[in-house]
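the following comprises the amino acid sequence and a computationally predicted model.
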Amino acid sequence: MGFTQSVKTCLSKYVVFSGRARRSEYWWFVLFVFLVNVGLVVIGAVLFGTDPETGQGSNLLTSVFQLAIMLPMLAAGWRRLHDTGRPGWYLLLPLAFSLATMIMLLTGVAVFSVVESGSENSEALRGPAALIGGAGLMAMYAIQLGLSIVMIWWLTRPSQEGTNAYGAQS
């Protein structure tokens with residue numbers, strides 16, 4: 001499947017999470033999304049200018065595009081995992097882990113705040129709390145990196161030949 005056909009297929013299956021997507025279909029669509037994002041960054045900088053302090057342009061166009069393309073990207077990845085014989089919901093693992101990390105981080109801050117308010121010498125708690133928090137974040141980032149690498153690995157695997165649990169090979 002070529003570039004144009006892949007883009008047409010993925011956009012026509014905007015929210016179709018069933019079935020299978022071959023490697024070429026998925027990765028050509030990923031390239032399309034990347035190229036459009038780069039183009040929109042340039043267009044946004046030309047139309048809206050750049051911030052003189054930061055040198056960055058407006059993210060309005062890319063934000064709107066990314067919001068519009070989120071579901072087709074998710075659906076294409078879902079179908080791509082189906083094509084390799086894996087459940088599509090595996091695609092949500094990095095996101096779920098990120099949310100769990102944020103919840104644990106906020107919980108840790110809240111717990112430290114309560115413990116600190118009940119302590120006479122709160123300065124003595126800050127060193128161990130920083131060490132535990134830093135080590136926990138490093139572990140979480142390492143796990144997140146590992147999950148992302150595994151996800152990319154799965155998305156690059158060859159298709160299962162013939163029919164699998166998610167349908168016939170397209």
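Ah, there it is. Everything numeric here is computed off the predicted structure, so don't read it as measured data. Numbers count the residues shown, from 1 in each chain.

which helix in the protein has the most residues?
Criterion DSSP state H: the longest helix present in the chain is helix 123-156.

would you mind listing the buried residues in that helix?
129, 140, 147, 151, 154, 155 (16 or more other Cβ atoms under 10 Å). Where C-beta positions appear, they are placed from N, C-alpha and C, glycine not excepted.

closest one of those to residue 27?
Nearest to residue 27 among the buried residues of helix 123-156: residue 155, at 8.1 Å, using Cβ to Cβ.

for the residue lying closest to residue 157 once chain neighbours are set aside, give me phi and psi.
Spatially, and ignoring its direct neighbours in sequence, residue 157 is nearest to residue 84 (4.6 Å; Cβ to Cβ, 6 or more residues apart in numbering). Dihedral pair for residue 84: phi -90, psi 0, per degrees, to the nearest 10.

farthest-separated two in the buried residues of helix 123-156?
Farthest pair in those (Cβ to Cβ) is 129 and 155. Separation: 38.4 Å.

my guess is residue 79 is in a helix, correct?
Yes: per DSSP: H, G, I helix; E, B strand; the rest coil, residue 79 lies within a helix segment.

got a pLDDT number for it?
Note for residue 79: predicted pLDDT of 95.

quickly find the element holding the most far-flung residue of the chain relative to its centre.
Ranked by distance from the centre of the chain (Cα atoms, centre = their mean), the top residue is residue 120, with 43.3 Å. Mapping residue 120 onto the secondary structure by DSSP states H and E places it in no helix or strand at all.

look up phi and psi at it.
When read as degrees, to the nearest 10, the backbone of residue 120 gives phi -80, psi -40.

got it, and residue 16?
The phi/psi pair for residue 16 (degrees, to the nearest 10) is phi -90, psi 110.

my guess is residue 1 contacts residue 22. True?
Yes: taking Cβ atoms under 8 Å as the definition, residue 1 is a contact partner of residue 22 at 6.2 Å.
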